[in-house]
Each structure stands twice: as structure tokens, then as C-alpha cells.
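Enquirer: 3D, please:
(one chain, ligands or ions: 1)
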Amino acid sequence: MKDCIFCKIVAGEIPADRIYEDDMILVFLDIAPINKGHALVVPRGHHHSICSVPSDIRARMMERAPEIAIAIMRATGADGFNFMLSNGTCAGQIVPHAHLHIIPRSPADGVVLPARSVPYENADEKHEMLAKIRERLAV
Ligand SMILES: [Zn+2]
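Expert: Predicted structure coming up:
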């Protein structure tokens, strides 16, 4: 896609700190890291949503991501990591090209990921939601 910054990075039109690449994906350092070593895994082809990325490419992303995360932990001394994938503007997706964040984590790194719990009104509401999701599952 012409105006997509990640497509330009994939094409080499914009420089990036490349960690890994193959025929399906590219992994590079995030320009605004949450922690040092924060990287992005992107498909080479332009897809706004992770849901439209072909399954073999999604599989490659998730196959490589833990391997890259291990290398990042070893390089940074991090004790763990978060995978984060924001899909859609309401979820915080800024660049409209699907991407998986690998964020190295340490106990005192000060990173606070927003978290809350929205309880179901009762067991019936939960079971209705469960049924709706299962009915719409396309696998
Ligand atoms: Zn793109």
C-alpha cells in the first residue's frame, strides 16, 4: 500500500533496525520502544487487520515471535515479555498494517498495561455470550 509506513519499511524505502526477515515476515525495532529491545513482527504484505493476514503468514508470525523474544530477553536481560497486538483503532492500532509487538519485561520496569475486569451480570449472561461466540466461530 502506497502510503503505509510499514510497507515502505518492508520495501526498504524507509530505514528500520531489522532483526529478522524471511519470505513472509519482517521483524524490526519499534521506533518508540516501551522498553529497550521492543520489536514489531509484521507480514510483508499489507493487511490492515490480523484477521485478513493469510493463515500461513499468521502461523509464521507466531512461530518466529517466541524465538525473537528469547533473543531479545537474552540481549536485554529481561525476565519476560508481552506479546501485544492491537487490532482496530478502538483497540489502539495506530499503523494500519497488522503488527505484533514483542515487549521485553523486567520486574521493576515501571510498565503498567491497562487492565480491568468487567464482570458478567450473572451466569446466564455469560452462557449467552459463550453461545454467541461459539455460533459465530468459523473454524
Ligand atoms: Zn502496509
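Enquirer: those helices in the protein, which residues are they?
Expert: Here the chain has its helices, by DSSP state H, at 5-11, 55-76, 123-136.
Enquirer: separation between the residue positioned nearest the centre of the chain and the ion?
Expert: Nearest to the mean C-alpha position of the chain, by CA atoms, centre = their mean, lies Leu100 at 1.7 Å. Leu100 sits 14 Å away from the ion, going by CB to the ion, to the nearest Å. Heads up, the C-betas are built off the backbone N, CA and C, glycines and all.
Enquirer: For Phe28, grab the count of nearby residues.
Expert: By the criterion of other CB atoms under 10 Å, Phe28 has 20 neighbours.
Enquirer: ah, wrong one, I meant Phe6
Expert: By other CB under 10 Å, the burial measure for Phe6, its neighbour count, is 22.
Enquirer: list the contacts for it?
Expert: Leu40, Val42, His46, Val95, His97, His99 (CB atoms under 8 Å, 6 or more residues apart in numbering).
Enquirer: where does it land on pLDDT?
Expert: On the pLDDT scale, Phe6 is placed at 98.
Enquirer: Name the nearest residue to it, sequence neighbours excluded.
Expert: His97 (3.8 Å; CB to CB, 6 or more residues apart in numbering).
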